[in-house]
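J.: A predicted structure for the sequence below; I have some questions about it.
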Amino acid sequence: MMQDGAFRITAEELAEFVGPAEVQPVAPHLWLLNTLTGETTVERRGDYGNVPQGWVLLMTGPDPAWVDQWAGDLQRACDEQLNPLLAEAFPMEGVAE
């Protein structure tokens, strides 16, 4: 999503992506970010080379060890790791929502 002129991942968006991690060791899923709107989508496939135009690959997997380190606190994962990485990768100064 876009918030305060920057891309931000929510715990709900992350939950949609990591849910299958409980079922498979490393699921062949793609988590994509639309670079114009900030919208995210999860594609349950492993075709890493076919990302649609205007989207970037946020994460593949998910790896259960990465999910487990947050002990169910997906908001903390967003606040401490994912959103700081997005801010660094996509500096949005001067961009309107």
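T.: The structure has been received and is ready for your questions. This one's a predicted model, so the numbers in the text were calculated from it and none came from an experiment. Numbering: from 1, shown residues only.
J.: mind listing what's buried in stretch 43-52?
T.: Buried residues in stretch 43-52, defined by neighbour count with 16 or more other CB atoms under 10 Å: Glu43. (Each C-beta comes from the backbone N, C-alpha and C, glycine too.)
J.: Ok, stretch 74-91 next?
T.: By neighbour count on 16+ other CB under 10 Å, the buried set for stretch 74-91 is Leu74, Ala77, Cys78, Leu82, Asn83, Leu86.
J.: pLDDT on the strand or helix carrying Trp31, on average?
T.: Element membership for Trp31 (DSSP states H and E) is strand 29-34. Mean pLDDT, strand 29-34: 90.
J.: mind checking how far it is from the chain centre?
T.: 6 Å (CA atoms, centre = their mean, to the nearest Å).
J.: likewise stretch 35-48?
T.: Relative to the mean C-alpha coordinate of its chain, stretch 35-48 is positioned 8 Å out (CA atoms, centre = their mean).
J.: what sits up against it?
T.: 1-3, 7-9, 13, 16-17, 20, 27-34, 54-58, 60, 90 (CB atoms under 8 Å, 6 or more residues apart in numbering).
J.: Would you format the buried residues of stretch 74-91 as CSV with pLDDT and secondary structure included?
T.: Listed next are those as CSV, based on pLDDT from 0 to 100; DSSP: H, G, I helix; E, B strand; the rest coil:
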residue, pLDDT, secondary structure
Leu74, 95, helix
Ala77, 96, helix
Cys78, 96, helix
Leu82, 94, helix
Asn83, 94, helix
Leu86, 92, helix
